[in-house]
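[1] quick one, structure for this:
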Amino acid sequence: MTADGERPWLFVYAVAAFIYRTTVSIAIASFIATQYFVFGVLLAGLALFGTVVSPLVKGLKFILTDPKLNRRRSRAVTLTSAATGAVLALLFVVPLPYTTMAQGVVWAPDDTQIRTKTDGILTTLLVEPGRDAQAGEALAALEDPSLDSRVAVLEAQLAELRLRYDAARLGDRVQAQILQEQIASTQEILRVYRERQAGLIVRASQAGRLIVPGAVDLPGRYLRRGERIGYVLTADDPVVRVVVPQTDVDLIRSRTQGVAARLAEKPEEVRAGSILREVPGAQQEIPSLALATQGGGTIAVDASNPQKPVALQSIFVFDVQLAGGLPFNVLGERVYIRFDHGAEPIAWRALRSLRQVFLSQFRV
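    Residues are numbered from 1 along each chain as shown. Have a look, this model is predicted:
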């Protein structure tokens, strides 16, 4: 006997208890399988039998043989078959929209970035940020007094060695040979220092719009070799660099039928896009801290390395090109990406997820 209103609660309790028992059994079996694989598989089989197979057998036996259904057995079989067929069709046949969500940042390709070729103090920007620059045009000037003095010393040493060589080549061939080798060595060193001296003038590698973030703070700042100053961009250069975990990369590679994007500053606007390229191979370096959990992203990072964002697990990087391009003033902005994979029944997705969990859990 049940009181009024108890049946819904008892139904909810039965479903919740089943889910709880199944979850605990699978968790215990998975843990044991990581230590003792055979015992874990046996335990998982017993849990599957106790939570799924045994209740199904008991239910079928009740429907087919229990005397309580003698007068209503055909109706019970029909309803059970119809309900089972409907559930199986919903799980295995009816396709539902299938998408993968990821985050990215507006990114400038590496070949558009302006980087210093030598160490030095940036004295001035020769082109005003926001103005168009031509390929090879000087963009910024650096200063390194020690480099200039070193070149002057090497030039003086080279001139002295040449004079000594001219004096010795007719009288002392051995000394002349030694001086000739010293001249060649000094010339090579001088060539390297002159290249570094020429690198104090930073030039554009392509034509485009000069973008320099924090331009007002750059003059007077000491820059290391390879440090980025800014970008020279054309309208089609900015892309969205998207980071996806290893569990989603095969699906994105093989089944992506469309790409949609929303910029964080304009979430109401949906932009169409396409995968432009994939950075080959897995990596752990995150392109931007905005994609890490500390910056509001989804990628967990290694807290023991605060200087460089490194993901705890392998990630894959895709560059997405948006239709109509991106404005230059959103570089570094967060972008929400949806990869459309068409439609697929729920059961096949669940089986794929279980397979991925199995492969990652047992490293097979």
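[2] okay, CA-based contacts and neighbour counts for the rest of this
    OK.
[3] remind me which residues of this structure are low pLDDT?
    Filtered on pLDDT under 70, the chain yields the residue ranges 1-5, 29-30, 33-34, 36-37, 305-307, 356-364.
[4] quick check: longest strand of it.
    Using DSSP state E, we find that the single longest strand of the chain is strand 266-285.
[5] what are the pairing partners of that strand, and which direction each?
    Strand 266-285 pairs in its sheet with strand 258-263 (antiparallel), strand 310-322 (antiparallel), by DSSP bridges.
[6] residue 107 and residue 243 touch, don't they?
    No - with contacts counted by C-alpha atoms under 8 Å, residue 107 stays clear of residue 243, the gap being 12.0 Å.
[7] okay, the strands paired with strand 266-285 in JSON lines with distance to residue 206 and mean neighbour count next?
    Formatted as JSON lines, the strands paired with strand 266-285 follow (distance: least, C-alpha to C-alpha, whole Å; neighbours: other C-alpha atoms under 10 Å):
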{"stretch": "strand 258-263", "distance to residue 206": "27", "mean neighbour count": "19"}
{"stretch": "strand 310-322", "distance to residue 206": "20", "mean neighbour count": "20"}
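[8] and residue 73, which of the ones you listed is closest to it?
    Proximity to residue 73, assessed across the strands paired with strand 266-285 by C-alpha to C-alpha, is greatest for strand 258-263 (50.3 Å).
[9] do you know which of the strands paired with strand 266-285 lies nearest residue 175?
    strand 310-322 (57.0 Å).
[10] show residues contacting that closest one.
    238-246, 249, 261, 271-279, 281-286, 299-302 (C-alpha atoms under 8 Å, 6 or more residues apart in numbering).
[11] swap in 6 Å and give it another go.
    With C-alpha atoms under 6 Å, 6 or more residues apart in numbering as the test, strand 310-322 has contacts from 239-246, 272-279, 282-286, 300-302.
[12] filter the residues you listed down to the buried ones.
    Among these, those scoring as buried are 239-245, 272-275, 285-286, 300-301 (criterion: 16 or more other C-alpha atoms under 10 Å).
[13] nearest to residue 225 among the residues you listed?
    For the buried ones among the contacts of strand 310-322, the nearest to residue 225 is residue 285 (20.9 Å; C-alpha to C-alpha).
[14] quick one, what contacts the closest one?
    residue 310.
[15] which strand residues bridge it?
    residue 310.
[16] can you tell me how far it is from residue 302?
    10 Å (C-alpha to C-alpha, to the nearest Å).
[17] equivalent analysis for residue 316, please.
    From residue 316 to residue 302 the distance is 17 Å (C-alpha to C-alpha).
[18] just residue 116 next, same as before
    Counting by C-alpha to C-alpha - residue 116 and residue 302 are separated by 30 Å.
[19] check residue 260 too.
    30 Å.
[20] with residue 62 instead?
    Counting by C-alpha to C-alpha - residue 62 and residue 302 are separated by 55 Å.
[21] with residue 118 instead?
    In terms of C-alpha to C-alpha, residue 118 sits 31 Å off from residue 302.
[22] cool, residue 253 as well?
    From residue 253 to residue 302 the distance is 27 Å (C-alpha to C-alpha).
[23] list the contacts of the residue most central in space within the chain.
    Geometric centre of the chain, nearest residue: residue 243, 2.5 Å, by C-alpha atoms, centre = their mean. Counting by C-alpha under 6 Å, 6+ apart, residue 243 makes contact with 316, 317.
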